[in-house]
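Visitor: What follows is a protein structure lacking sequence information:
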């Protein structure tokens, strides 16, 4: 299973903190765009397609073409604003 | 009268904290080299001739060619080392 | 004696300073940075009154990113000790948000490391701020000037070739 | 609420920080620098144990130079408040010598102003340190790297043409 966590603004858009979804055909981070479809509003998928969000895989920043391990914890991260 | 103050290493060389001397023929800071002669050891005059010391006139850094007001307080300043 | 502390509670700068002096007895220079909630934000050019911020983060990822920022700073500007304290939760106007402290032998490394850590913390560490004020709520985004601040260090690195460039701090951005 | 304090007594960083927060309520960024007596000095390449420093200064001139350094920093990197506390007299190993604090809206100005003030304080302010240790007594001189630090700001100024260059900070050196 892949666990996907949403933060801040994008959690508001997703309407949930996290979803768990089966690995299925997903090989790369980019494949999440299809995999997440049934779980979150279309508006979130549109934001993700813009690729303005950052993504982490197992607590490391990852590119959209990074491989997705079977037990990945994926973070969907709006632009950060700490400090 | 001109008041000349010595600090740190150069006070040790001068052997005194300060001297007061009549304005006499002194017009510029450079003229102190002659004016101070009778008041301090030759070794101090030698250091001053090297012009490695800094000089202040009335609490402002001054060049060796600066004019010397009648009531000048002159500081003879080794390289600083605060902070 | 953790290098990275993420907590809801406020922190006492005097106490933190005393701890650092004790833990870095050979330091000749200590630089402290404290970031506070300003009561007036200039988001989109409009002055507005901020009542409080709500700060969230990605537990686990944030700590390891902050530690990595400290490690990267240490490669470039060796120091005796560096510490990040970052608050989360509700933080009211004028309260402290973040503290970065660096203790070093000489002041240049302490200043540079503290600035490096703050610049990367602002643009890489997984914190998010929601501003709640007279204009309602809004999530704050990354600021362009913070991005430029980080780019400056990257140029510094490529000019000096002094530290590894490929780390998780370098994000595969499109 | 003096900007420049020269005193024999030690200072409490926590108390000074609290005062600055109170006096600069709109600050979003506070940078503190504290310089301490290191127990090992590397003068002339030899490690030696320093027991204490004896610091003297030129009363009157030092205060006005420090104030002018603050004023010059303010022209370049606007801030809400800056303060210099510098001790004189006998200061033992590991004790605090100097504190520079800057409170500003944004962190870049606070960092830059604090560094500017320290760099000029080191090379211009009329303080002198005598080191008393296992090798006896010696007056310390200006360090080359401190001189380079100040030259960097002067290059910055001539590149940006942003502030008056002719002040009493600019000494008529031969």
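Guide: Nice, thanks for sending it over. Remember, predicted model here, so these are calculated numbers, not experimental data.
Visitor: Local confidence estimate at the residue of chain A found nearest chain B?
Guide: Relative to chain B, the nearest point of chain A is residue A:83 (28.4 Å; CB to the nearest CB). To be clear about C-beta, it is placed using only N, CA and C from the backbone, and glycine gets the same treatment. pLDDT, residue A:83: 94.
Visitor: From residue C:92, how far out is it?
Guide: In this view, residue A:83 and residue C:92 are 17 Å apart by CB to CB, to the nearest Å.
Visitor: for residue A:25, same thing?
Guide: Residue A:25 is 48 Å from residue C:92, by CB to CB.
Visitor: show me the contacts for residue C:122.
Guide: A:80-83, C:142-143, C:146, C:149-150 (CB atoms under 8 Å, 6 or more residues apart in numbering or on different chains).
Visitor: quick revisit: between residue A:25 and residue C:92, which is the more surrounded one?
Guide: Between residue A:25 and residue C:92, counted using other CB atoms under 10 Å in any protein chain shown, residue C:92 has the larger neighbour count: 12 against 8.
Visitor: Surely that one touches residue C:52?
Guide: Yes - taking contacts as CB atoms under 8 Å, residue C:92 lies within contact range of residue C:52: 4.6 Å.
Visitor: okay, and the common contacts of the two?
Guide: Residues touching both residue C:92 and residue C:52 (CB under 8 Å, 6+ apart) are residue C:37.
Visitor: On the three-state scheme, the spatially most central residue of chain C is what?
Guide: In chain C, the centroid-proximal residue (CA atoms, centre = their mean) is residue C:118; its distance is 3.5 Å. With DSSP: H, G, I helix; E, B strand; the rest coil as the basis, residue C:118 sits in helix.
Visitor: Was I right to think it contacts residue C:100?
Guide: Yes - using CB under 8 Å, residue C:118 is in contact with residue C:100, at 5.5 Å.
Visitor: how far is stretch C:52-68 from where the chain is centred?
Guide: Relative to its chain's centre, stretch C:52-68 lies at 10 Å (CA atoms, centre = their mean, to the nearest Å).
Visitor: what do residue C:118 and residue C:100 both touch?
Guide: Common contacts of residue C:118 and residue C:100 (CB under 8 Å, 6+ apart): residue C:33.
Visitor: residue boundaries of the strands in chain C?
Guide: C:4-7, C:29-36, C:40-41, C:48-57, C:81-87, C:89-92, C:96-104, C:127-133, C:136-139 (DSSP state E).
Visitor: how many neighbours does residue 62 have?
Guide: In the absence of a named chain, this looks at chain A. 22.
Visitor: wait, chain C
Guide: Burial of residue C:62 is recorded as 24 neighbouring residues (other CB under 10 Å).
Visitor: residues contacting it?
Guide: C:6, C:86, C:125-127.
Visitor: how near is the closest residue to chain C within chain A to residue C:91?
Guide: The minimum distance from chain A to chain C, using CB to the nearest CB, falls at residue A:82 (2.6 Å). The gap separating residue A:82 from residue C:91 is 11 Å, by CB to CB.
Visitor: repeat for residue C:149
Guide: According to CB to CB, residue C:149 stands 22 Å off from residue C:91.
Visitor: Which positions within stretch A:51-59 qualify as buried?
Guide: A:53-57, A:59 (16 or more other CB atoms under 10 Å in any protein chain shown).
Visitor: again, but for stretch C:55-74
Guide: Buried-residue list, stretch C:55-74, by 16+ other CB under 10 Å: C:55-58, C:61-66, C:68-70, C:72-74.
Visitor: Tell me, please, where in chain A the pLDDT is lower than the cut-off.
Guide: Scanning chain A for pLDDT under 70 picks out no residues.
Visitor: Helices along that one, start to end?
Guide: Assigned helices in chain A, in chain order: A:8-14, A:32-35, A:42-50 (criterion: DSSP state H).
Visitor: Could I get those in a markdown table, plus columns for mean neighbour count?
Guide: Below are these laid out as a markdown table (neighbours: other CB atoms under 10 Å in any protein chain shown):
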| stretch | mean neighbour count |
| --- | --- |
| helix A:8-14 | 20 |
| helix A:32-35 | 17 |
| helix A:42-50 | 14 |
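Visitor: List just the one of those helices that sits closest to residue D:133.
Guide: Each of these has some distance to residue D:133 by CB to CB; the shortest is helix A:8-14, at 55.1 Å.
Visitor: Show me what that closest one is packed up against.
Guide: The elements that helix A:8-14 packs onto, with contact taken as 3 or more CB pairs under 8 Å, 6 or more residues apart in numbering or on different chains; DSSP states H and E, are helix A:42-50, strand A:73-77, strand C:127-133, strand C:136-139.
Visitor: Repeat the analysis, applying 7 Å as the threshold.
Guide: With contacts taken as 3 or more CB pairs under 7 Å, 6 or more residues apart in numbering or on different chains; DSSP states H and E, helix A:8-14 sits against helix A:42-50.
Visitor: So for chain D, which of the strands of chain C sits nearest?
Guide: strand C:29-36 (3.9 Å).
Visitor: what's the closest non-adjacent residue to residue A:83?
Guide: Leaving aside its sequence neighbours, residue A:83 sits nearest to residue C:122 (CB to CB, 6 or more residues apart in numbering or on different chains; 4.2 Å).
Visitor: low-confidence ranges in chain C?
Guide: Counting by pLDDT under 70, chain C contains low-confidence ranges at C:1, C:39-48, C:161-174.
Visitor: redo that, cut-off 80
Guide: Residue ranges of chain C with pLDDT under 80: C:1-2, C:39-50, C:135, C:142-143, C:159-174.
Visitor: who are the neighbours in contact with the residue in it that chain A sits nearest to?
Guide: Relative to chain A, the nearest point of chain C is residue C:127 (2.6 Å; CB to the nearest CB). The contact partners of residue C:127, taken as CB atoms under 7 Å, 6 or more residues apart in numbering or on different chains, are A:80-82, C:55, C:57, C:62, C:86.
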